[in-house]
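Q: 3D model of this:
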Amino acid sequence: MKKIYFASDQHFGAPTPELSLPREKKFVAWLDEVKEDAEAIFLLGDLFDFWFEYKTVVPKGFVRILGKLAELRDSGIPIFFFVGNHDLWMHDYFETELNIPVYHDNKEFTFSGKTFLIGHGDGKGPGDKGYKRMKKVFTNPFSKWLFRWLHPDVGVSLAQYLSVKNKLISGDDDVKFLGEENEWLVLYAKRKLETKHYNYFIFGHRHLPMIIPVGEDSQYVNLGDWIGYFTYGVFDGESFELKKFEK
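A: Residues are numbered from 1 along each chain as shown. Okay, here's the model as predicted:
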């Protein structure tokens, strides 16, 4: 039976290309494994710790990841990519080079009669107003135009330096489960259910693997990450499960 796979928050390139390489190879091994029975693969953002597309330039590296995605896509496996807060400046490179659609916000899908709301998860739900304001600045066309004037050697190096200051990447792991009443993506899912039913809310961003019931026949899923957990989601047509890649 064909399955649908989901993964998020790989943050490749961090904290350094050398330290990222083993994780990249592990992710390629996972892609090799799931391609045997994958109906589709969803990547829910922060695949790279930083990504910016100049008009004719993209960040150096990641050839194993990009080559494997191209191989799977050329073999006929649909792949869907949702930008995260670390790769939100992705434009059309994946679409033109890999034939992988790129989404900048949540999108609904239906599989085997089950409805899914899928996205990275950043900036959703109540609170976090500081980040929401910052995201508006970063996604503003004028801000992107200004950054594009920096030489790639300067712009990419600066962005990578600032990105690895993120506590999730630097190793200062303060991510803890806040309880259902305080997890803002749980609150977001429950609010969405007031207007429309979804069987599954699939998100990343929080770096914590979890499945939480949010309503009758409705679950919130966070996919975890590929920094410390190496977790992924799989839907077999009847149920959704979180698994850990051990190889």
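
Q: ok, now which ones touch the residue sitting nearest the centre point of the chain?
A: Central residue of the chain (Cα atoms, centre = their mean): residue 45, 2.0 Å from the mean position. The contact partners of residue 45, taken as Cβ atoms under 8 Å, 6 or more residues apart in numbering, are 8-9, 81-87, 119-122, 204-205. The C-beta positions use only the backbone N, C-alpha and C, and glycine is treated the same way.

Q: Measure how buried residue 65 is and give me the count.
A: Residues within reach of residue 65, counting by other Cβ atoms under 10 Å, total 19.

Q: Run through the chain and note the low-pLDDT ranges.
A: Scanning the chain for pLDDT under 70 picks out the ranges 125-140, 142-149, 153-174.

Q: follow-up on the earlier one: which SS state does the residue nearest to the centre of the chain fall under?
A: Reducing the assignment at residue 45 to three states with DSSP: H, G, I helix; E, B strand; the rest coil gives coil.

Q: Out of the contacts of residue 45, flag the one nearest to residue 226.
A: When these are ranked by distance to residue 226 (Cβ to Cβ), residue 9 comes first, at 6.5 Å.

Q: Quick check: that closest one touching residue 87?
A: No. With contact defined as Cβ atoms under 8 Å, residue 9 does not count as touching residue 87 (10.6 Å).

Q: The two - which one has more neighbours?
A: residue 9 (27 against 24).

Q: Contacts only, for that one.
A: Contacts of residue 9 by Cβ under 8 Å, 6+ apart are 44, 45, 46, 84, 204, 205, 207, 223, 224, 225, 226, 227.

Q: Who are the contact partners of the third one?
A: Spelled out, that is residue 46. Residue 46 sits next to 8, 9, 10, 11, 84, 85, 86, 87, 120, 204, 205 when contact means Cβ under 8 Å, 6+ apart.

Q: Equivalent analysis for residue 91, please.
A: 53, 102.

Q: Excluding chain neighbours, what is closest to residue 29?
A: residue 247 (5.5 Å; Cβ to Cβ, 6 or more residues apart in numbering).

Q: Give the burial count for the one you found, as a bare number.
A: 8.

Q: returning to that earlier point: select from the contacts of residue 45 every entry located in strands.
A: 81, 82 (DSSP state E).

Q: Out of the contacts of residue 45, which is nearest to residue 192?
A: Nearest to residue 192 among the contacts of residue 45, counting by Cβ to Cβ, is residue 119 at 11.1 Å.
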